[in-house]
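**Student:** the following comprises the amino acid sequence and a computationally predicted model.
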Amino acid sequence: IDFRKTHFVISAPDIEHLEQNLPGNDGIEIAFAGRSNAGKSSALNALTEQKNLARTSKTPGRTQLINVFETAAGCRLVDLPGYGFAQVPLAMKKKWQQALGEYLQHRECLQGVVVLMDIRHPLKDLDMQMVQWSVESQLPVLVLLTKSDKLTQSARMKTVNDVRKALANFGDAVRVEGFSSLKGTGKPKVLSILTEWFTG
Ligand code: GDP
């Protein structure tokens, strides 16, 4: 699978619209979830070697769409709305959260979930919720500790180990890796896991 061939397919405001326009009974999807500013857009761009595939925009209104990209025929990467944005009204946050939960629990073609967390602030409540929903839905999870270049090698290793320990009760279904879009750290590992999920 050549991730550089990834291209935009469709945006949807919620799971109902997504299901209507792109039914979930076909193909394979890998979802990308994370708090706003976790580095999700940068990671998608880095993994696909594209500058502007996913918008690196800080505007909350921009990030609330579900964006779908296709890497190879029937193999899709799904950029889910960033959660936890401080300036967003509580009612809208709840709506987003519900949409994320519905997607994780009901999207038939979903094969795996990448949960991105800033390596300096991992395992917030909503991050744990994402991991838990995914595991409950029998989906494997890849936790990416992003911006790993912001820490020293030893601090990086310590955080990766601490997060692995904190998630150990989920068993083999949850993997944890350090990642840097800036330096390319962790990229081969991530691409091999995504390929594994796509090719089963
Ligand atoms: P998103 O809201 O999750 O899509 O996050 P973005 O990809 O827009 O990144 C949020 C901020 O973190 C931006 O200022 C990025 O430049 C920065 N960032 C993202 N990835 C990295 C990384 O690997 N290293 C460093 N140092 N900064 C990063």
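**Tutor:** Structure's in. What do you need?
**Student:** residue 78 pairs with what?
**Tutor:** Residues found in beta-bridge contact with residue 78 (criterion: DSSP bridges) are residue 31, residue 68.
**Student:** could you check the pLDDT of it?
**Tutor:** The predicted local distance difference test score for residue 78 is 96.
**Student:** what's the local residue count around it?
**Tutor:** Residues within reach of residue 78, counting by other Cβ atoms under 10 Å, total 24. From N, CA and C alone the C-beta is placed, and that goes for glycine too.
**Student:** thought it was touching residue 65?
**Tutor:** No. With contacts defined as Cβ atoms under 8 Å, residue 78 does not count as touching residue 65, sitting 10.9 Å away.
**Student:** low-confidence ranges in the protein?
**Tutor:** Residues of the chain meeting the criterion pLDDT under 70: 56-63.
**Student:** mind running it again at 80?
**Tutor:** 55-64, 85-89, 92, 96 (pLDDT under 80).
**Student:** for it, which residues are neighbours of the ligand?
**Tutor:** Contact residues, the chain versus the ligand (Cβ under 6 Å from any ligand atom): 34, 36-42, 56, 82, 146-147, 149-150, 180-182.
**Student:** what's the spacing between residue 24 and residue 85?
**Tutor:** Here the criterion is Cβ to Cβ, to the nearest Å. By it, residue 24 lies 26 Å from residue 85.
**Student:** the more surrounded of those two?
**Tutor:** Under the neighbour definition other Cβ under 10 Å, residue 24 and residue 85 were set side by side, and residue 85 has more, 19 against 15.
**Student:** which non-adjacent residue is nearest the more buried one?
**Tutor:** Residue nearest to residue 85 in three dimensions, not counting chain neighbours: residue 36, with 4.1 Å by Cβ to Cβ, 6 or more residues apart in numbering.
**Student:** and for residue 143?
**Tutor:** The spatial neighbour of residue 143 that comes closest, neighbours along the chain excluded (Cβ to Cβ, 6+ apart), is residue 176 at 4.5 Å.
**Student:** report how many residues lie close to that neighbour.
**Tutor:** Residue neighbour count, defined by other Cβ under 10 Å, stands at 22 for residue 176.
**Student:** report the contact partners of residue 75.
**Tutor:** Residue 75 makes contact with 1, 27, 28, 198 under the criterion Cβ atoms under 8 Å, 6 or more residues apart in numbering.
**Student:** I'd say the third one and residue 198 touch.
**Tutor:** Yes. Here residue 28 reaches residue 198: they are 5.6 Å apart, a contact under Cβ under 8 Å.
**Student:** which of those two has more residues huddled nearby?
**Tutor:** Under the criterion of other Cβ under 10 Å, the comparison of residue 28 against residue 198 puts residue 198 first, with 21 against 17.
**Student:** excluding sequence neighbours, find me the nearest residue to the more buried one.
**Tutor:** residue 75 (4.7 Å).
**Student:** next one: phi and psi at the one you found?
**Tutor:** Dihedral pair for residue 75: phi -110, psi 110, per degrees, to the nearest 10.
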